[in-house]
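J.: sequence first, predicted model second:
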Amino acid sequence: MLEGMVIVGVDPGGQDTGIVVRCGDTLLDASLLRRGTDDTLGAWVRGCVNTVERLVKSTQASLVAVESIVQPSWHVRERVISIDGLLWAQAVVGGLLVAFPDAILVPPNGHGAAPLRTYPSVIVGANERRGCGKARHLRSAWDIAASGERMVELAQRGAS
């Protein structure tokens, strides 16, 4: 039997969205969504929200934790960056907040950047060991779920 809170962590992305369900140090499920070139904004958001809803229902998760979006640095390597991905990611955040009004917004903080050995092996592939790969979004979601749980625990301690 699992002990602890079952949490869905979401790394919203403009191109890739990582979603994991964890309970303590146990990975219960994971889904990596990749936006298609023909996807509309509405279809992308609906797909992300539907996946989270399915995982919450199937695992009886008690918390959804979503990484929030911060204002970007407009100049990266001396060029103006495109905010297209940021807009798509923010739409995912908004869709999730509508579907899950009690979701926890977790500030960005280097999620997914811990040593690879600290993550469940299923969310670390061969590409990641070479410094590339899309599973980084799953590792980020893993860390976002843990941060969300810590935020809830701190809030509960502060309320008592």
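T.: Nice, thanks for sending it over.
J.: check which residues of the longest helix along the chain are buried.
T.: Secondary structure of the chain per DSSP state H: the longest helix is helix 136-159. Under the neighbour-count criterion of 16 or more other Cβ atoms under 10 Å, helix 136-159 has 136-149, 151-152 buried. Glycine gets a C-beta too; all of them are placed from N, C-alpha and C.
J.: give me the contacts around that helix.
T.: 4-5, 7-11, 13, 16-22, 27, 30, 32, 63-67, 104, 106, 109, 111-112, 114, 116, 119-120, 123-124, 128 (Cβ atoms under 8 Å, 6 or more residues apart in numbering).
J.: so which residues of the protein form strands?
T.: 6-11, 16-23, 26-34, 63-67, 75-76, 79-80, 104-106 (DSSP state E).
J.: beta partners for the closest residue to residue 145 other than its chain neighbours?
T.: Residue nearest to residue 145 in three dimensions, not counting chain neighbours: residue 9, with 2.8 Å by Cβ to Cβ, 6 or more residues apart in numbering. Beta-bridge pairing for residue 9 (DSSP bridges): residue 20, residue 65.
J.: count of neighbours near residue 9?
T.: Residue neighbour count, defined by other Cβ atoms under 10 Å, stands at 31 for residue 9.
J.: list the contacts of it.
T.: For residue 9, the contact set (Cβ under 8 Å, 6+ apart) comprises 19-22, 65-66, 141-146, 148.
J.: quick one on the thing from earlier: and the longest helix of the chain, average pLDDT?
T.: Averaged over helix 136-159, pLDDT sits at 93.
J.: and the furthest pair within the buried residues of helix 136-159?
T.: Greatest spatial distance among these (Cβ to Cβ): 136 and 152, at 24.8 Å.
J.: show me which of the buried residues of helix 136-159 is closest to residue 41.
T.: residue 137 (18.9 Å).
J.: give me the neighbour count for the closest residue in space to that closest one that isn't next to it in sequence.
T.: Nearest non-adjacent residue to residue 137, counting by Cβ to Cβ, 6+ apart: residue 18, 3.0 Å away. Neighbour count for residue 18, taken as other Cβ under 10 Å: 27.
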